[in-house]
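Colleague: Need coordinates for the following:
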Amino acid sequence: MSKEVGSFQDNIRRTFIRFSLLPVVVMVIFAIVLFAFGWSYFMVHLNEKDNQAVANELIKAMDKYSFMLDEVAGETDGEITSDEIFSILYKDTAEFGEIGNLIVLSKDRKILFQSKENVPKNLTSVVYSNWGPWNAVKRNKDQTSVVLCDKNLYMVKGICNEDGELEKAVFYIIPGNVISRSASGINRYVVITDSNGWIYAGNTSSLQDEYGQIENIYDSGTGYIIADKSIFYTCKTDTKKGLVVITVDDISRNIWLISILIGVIALILIAITIITFRSTANSSKHYTRDIKKIEDAFEAVSNGDFDVSLNISSSKEFKTIGNDFNEMLQGLKDQIDKNKELAENVAFSQVKQLESQFNPHFLFNTLDNIRFMARIDVKAADKMIVSLSGLLRYSIRDAREEVTVREDLNNIQNYLNILQIRFNKRFAYKMNVDEEIMDCFIPKLMLQPLLENAVKYGFNGKEKLSVVIRGEEKQGNLIFTCEDDGVGIEENVLEEILQNLKEESNKTGHNGLYNIHRRIKLLYKDAGNYGLQIESKKDKGTIIRIILPRHDQK
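Modeller: Okay, here's the model as predicted:
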């Protein structure tokens, strides 16, 4: 089903909309998407960048303190020398501005060294011997661990003898300002926790629960979350040094502002769309009024009204079109009158010329056979004379262009009678034509040339020849087939014949087949696949089909 073509006015209107409104809409949508994507990207990027910066500062400090504890542990293998430990302490903490509190205890919690006067009770009291920092020392022994206990951040390391038994323990209370300083200057929520989620430092208390741990929803990892009817973006980094850095952005306000901005832009686009649709309707109607006049004039001509005229004065170009149309129409009227009768006469003459080309060789051979048969078989001669008379009468006197299938088959029967007498047992034929197409109309003398061609080229040295003529209807078309078992057609000759059928004039000596094909093209101007189809193989025979439209009434 073909698509309906719109009017020029509608096309102009759509063009106005397409090239004025559509680019604006596309650009605005693209800008909004680009803005949203860019904002999201930079928000995420900056959050992750700040998070990683805090984590890097912590890792740097923790690595320094861990190295310091290793040095101190090495100095405590023998007799503890305060000067050496203080030397290590000052050297490794100089860049942080505070030495912190370094404590060395024996396995029974006796103080062997302390850098400050106060020592937390959870280090010396027997009550805490299996809890907090001491638990980390006993569990990990020679390894360095980080423990958050009583709001102090401990880095601890046990010192074992050769048998693996704990002898001493080094405890370092990391200065709180060192950890807090790493989160300073960050323009978003920052929380530093231990591996269990206990908060040690941060710039907000809104993310912790009543026990001092970070809320589970903020500790779920990196990504977007919804909490307290607000939208947040969180980033979490495990330093692998016993501390976890969590940065949180509250993006609810930004999303709210972006939504308002998108809503305002949408309202503006809706207003522009309404205005554009109304203005383009009036504009397209105004600028295409002359096109409408031209359309009406051409439609009137297509309906057979040649008295129409165009009078346009809105612009120089359309005025020229109107004047040229009027002159063209007048010339067309004159030319139609002159050519109408001539065209009819030419077509009629050409068809008559094609259908009247009777094979003279057949006529001469038949007359010779009649003269010969008159001496030996008077009845056969009489039958040949009657059949030949019928052929000539049908070919010459009947002026109709189309006849019924039955009439043309009767004419063929006369031709077959002559062939049967002429060749006797050397020639055999069969006719199988459906009765339901007998009253259909076909071009006169359409089937006889097929027999002529079969006899002329089919024998060619063969002793016998059989011909089968078929007629049937398929998909609204009439198909007639003439099939013989003769010598067939050489491949190059067949190619020449098929090529000649495509030409408008006969360039070979195969008049019969060309005349049939050409007549069909002239009689049925919308010919489509109508015409001749030829198949042939050397020494196998030839099949010729005629395809015609079905005509039930003249």
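Colleague: which secondary structure elements does whichever strand or helix holds Ile275 contact?
Modeller: Assigned by DSSP states H and E, Ile275 falls within helix 252-287. In terms of contacts (3 or more Cβ pairs under 8 Å, 6 or more residues apart in numbering; DSSP states H and E), helix 252-287 is packed against helix 8-16, helix 22-75, strand 230-238. The C-beta positions use only the backbone N, C-alpha and C, and glycine is treated the same way.
Colleague: between these, which one is nearest to Glu535?
Modeller: Checking the helices and strands packed on helix 252-287 against Glu535 by Cβ to Cβ gives helix 8-16 as the closest, at 49.8 Å.
Colleague: Let me see the mean pLDDT of the closest one.
Modeller: Helix 8-16 shows an average pLDDT of 65 in the prediction.
Colleague: thinking again about what came up before, so for Ser180, which of the helices and strands packed on helix 252-287 sits nearest?
Modeller: Once those are compared by Cβ to Cβ, helix 22-75 is nearest, at 10.6 Å.
Colleague: any idea which helix or strand comes after the closest one?
Modeller: helix 82-93.
Colleague: For that following helix, which helices and strands make contact with it?
Modeller: Helix 82-93 is packed against helix 22-75, strand 101-106, with contacts defined by 3+ Cβ pairs under 8 Å, 6+ apart.
Colleague: how does it look with 6 Å?
Modeller: On a contact count with 3 or more Cβ pairs under 6 Å, 6 or more residues apart in numbering; DSSP states H and E, helix 82-93 meets helix 22-75.
Colleague: Could you give the separation of the helix it packs on from the chain centroid?
Modeller: Chain-centre distance of helix 22-75: 40 Å, with Cα atoms, centre = their mean, to the nearest Å.
Colleague: Following element in sequence after the helix holding Ile275, please.
Modeller: Once helix 252-287 ends, the next helix or strand along the chain (criterion: DSSP H and E) is helix 289-302.
Colleague: now the angle from that next one to helix 252-287?
Modeller: Angle of helix 289-302 versus helix 252-287, following axes from the mean of the first three to the mean of the last three Cα atoms, to 10 degrees, is 50 degrees.
Colleague: what distance separates helix 289-302 from the middle of the whole chain?
Modeller: Its chain's average C-alpha position is 39 Å from that of helix 289-302, according to Cα atoms, centre = their mean.
Colleague: from here on, count from 52
Modeller: I'll keep to 52 as the first residue from here, and by that count the last item is helix 340-353.
Colleague: Let me see the mean pLDDT of that helix.
Modeller: On average, helix 340-353 scores 71.
Colleague: buried residues in it?
Modeller: Within helix 340-353, the residues scored as buried using 16 or more other Cβ atoms under 10 Å are 341, 344-345, 348, 352.
Colleague: Run a quick neighbour tally on Lys367.
Modeller: When counting by other Cβ atoms under 10 Å, one arrives at 8 neighbours for Lys367.
Colleague: residue contacts, the nearest residue to Thr285 once chain neighbours are set aside?
Modeller: Computed as Cβ to Cβ, 6 or more residues apart in numbering, the closest residue to Thr285 that is not its neighbour in sequence is Val299, at 5.0 Å. By Cβ atoms under 6 Å, 6 or more residues apart in numbering, the contact list for Val299 reads 240, 269, 283, 285.
Colleague: at 7 Å instead, please
Modeller: Counting by Cβ atoms under 7 Å, 6 or more residues apart in numbering, Val299 makes contact with 239-240, 258, 269, 283, 285.
Colleague: for Val296, same thing?
Modeller: Contact analysis of Val296 by Cβ under 7 Å, 6+ apart lists 102, 105-106, 109, 243, 288, 290.
Colleague: can you put the residues you listed in JSON lines and add pLDDT, neighbour count and distance to Leu73?
Modeller: Shown next, in JSON lines, are the contacts of Val296 (pLDDT from 0 to 100; neighbours: other Cβ atoms under 10 Å; distance: Cβ to Cβ, whole Å):
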{"residue": "Asn102", "pLDDT": "88", "neighbour count": "22", "distance to Leu73": "43"}
{"residue": "Val105", "pLDDT": "88", "neighbour count": "25", "distance to Leu73": "48"}
{"residue": "Ala106", "pLDDT": "89", "neighbour count": "23", "distance to Leu73": "48"}
{"residue": "Leu109", "pLDDT": "88", "neighbour count": "23", "distance to Leu73": "54"}
{"residue": "Ile243", "pLDDT": "89", "neighbour count": "24", "distance to Leu73": "53"}
{"residue": "Thr288", "pLDDT": "90", "neighbour count": "19", "distance to Leu73": "46"}
{"residue": "Thr290", "pLDDT": "87", "neighbour count": "21", "distance to Leu73": "53"}
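Colleague: If we only consider those, which is nearest to Tyr262?
Modeller: Nearest to Tyr262 among the contacts of Val296, counting by Cβ to Cβ, is Ile243 at 16.8 Å.
Colleague: Now the closest one, what are its backbone angles?
Modeller: Main-chain dihedrals, Ile243, degrees, to the nearest 10: phi -110, psi 120.
Colleague: That one reaches Gly253, doesn't it?
Modeller: Yes - taking contacts as Cβ atoms under 7 Å, Ile243 lies within contact range of Gly253: 6.0 Å.
Colleague: joint contacts of the two?
Modeller: Ala234.
Colleague: and the host helix or strand of Val544, what other elements does it pack with?
Modeller: With elements taken from DSSP H and E, the one containing Val544 is helix 542-552. Counting contacts by 3 or more Cβ pairs under 7 Å, 6 or more residues apart in numbering; DSSP states H and E, helix 542-552 packs against helix 562-574, strand 582-588.
Colleague: weakest of these by average pLDDT?
Modeller: Among the helices and strands packed on helix 542-552, helix 562-574 scores lowest, with a mean of 79.
Colleague: returning to that earlier point: which pair of the buried residues of helix 340-353 spans the longest distance?
Modeller: Within the buried residues of helix 340-353, two members stand farthest from each other by Cβ to Cβ: Asp341 and Val352, at 17.0 Å.
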